[in-house]
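J.: test case, fold it:
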Amino acid sequence: MKKDIHPTNYRLVAFKDMSNEDVFISRSTAETKDTIEIEGVEYPLFKLEISSTSHPFYTGKSKLVDTAGRIDKFKTKYAKRAK
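T.: Down below sits the predicted model:
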């Protein structure tokens with residue numbers, strides 16, 4: 001096996017879904033700046049906007065997330081064409 005081809009920072013990382021505050025721990029090489037303490041152990045924290053616990057495909061629920069009024073802008077832009 002070749003030497004020095006594997007990443008050196010492969011470690012346990014906590015991933016936090018910011019839409020529903022769900023946290024899970026997995027091994028990763030993701031670069032992080034924040035940390036989180038879970039059950040007395042400190043892990044590097046990687047923040048996610050969406051994960052399998054909040055994605056509509058996995059949950060079966062349709063959830064509309066409006067960021068900065070994008071849906072309203074779209075509706076007003078194309079409302080003129082519908083008339």
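J.: how about the strands in the chain?
T.: 11-17, 23-28, 34-38, 41-48 (DSSP state E).
J.: got the end-to-end distance for stretch 36-43?
T.: One end of stretch 36-43 to the other measures 5 Å (C-alpha to C-alpha, to the nearest Å).
J.: contacting residues for the closest residue to residue 19 other than its chain neighbours?
T.: Of all residues not flanking residue 19 in the chain, residue 54 sits nearest, at 4.6 Å (C-beta to C-beta, 6 or more residues apart in numbering). (Each C-beta comes from the backbone N, C-alpha and C, glycine too.) By C-beta atoms under 8 Å, 6 or more residues apart in numbering, the contact list for residue 54 reads 17, 19-20, 22, 63.
J.: do that again at 7 Å, thanks
T.: 17, 19-20 (C-beta atoms under 7 Å, 6 or more residues apart in numbering).
J.: for PyMOL, what selects the buried ones among the residues you listed?
T.: Burial among those is assessed by 16 or more other C-beta atoms under 10 Å; the matching PyMOL selection reads:
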select buried, resi 17
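J.: could you dump the contacts of residue 54 to TSV with pLDDT and distance to residue 71?
T.: Below are the contacts of residue 54 laid out as TSV (pLDDT from 0 to 100; distance: C-beta to C-beta, whole Å):
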residue	pLDDT	distance to residue 71
17	88	22
19	82	17
20	85	20
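J.: which helix in this protein runs the most residues?
T.: helix 70-82 (DSSP state H).
J.: off-centre distance for that one?
T.: Distance of helix 70-82 from the chain centroid (C-alpha atoms, centre = their mean, to the nearest Å) equals 28 Å.
J.: so which helix or strand of the protein has the lowest pLDDT on average?
T.: The weakest-scoring helix or strand in the chain, judged by mean pLDDT, DSSP states H and E, is helix 56-59 (a mean of 62).
J.: still on that earlier bit, and the longest helix of the chain, what's its mean pLDDT?
T.: The predicted model gives helix 70-82 an average pLDDT of 76.
J.: with stretch 41-52 instead?
T.: Across stretch 41-52, the average pLDDT comes to 89.
J.: next, the buried residues of that stretch.
T.: 43-46, 48, 51.
J.: which single one of those residues is nearest to residue 28?
T.: Using C-beta to C-beta, residue 46 is the member of the buried residues of stretch 41-52 that sits closest to residue 28, with 7.1 Å.
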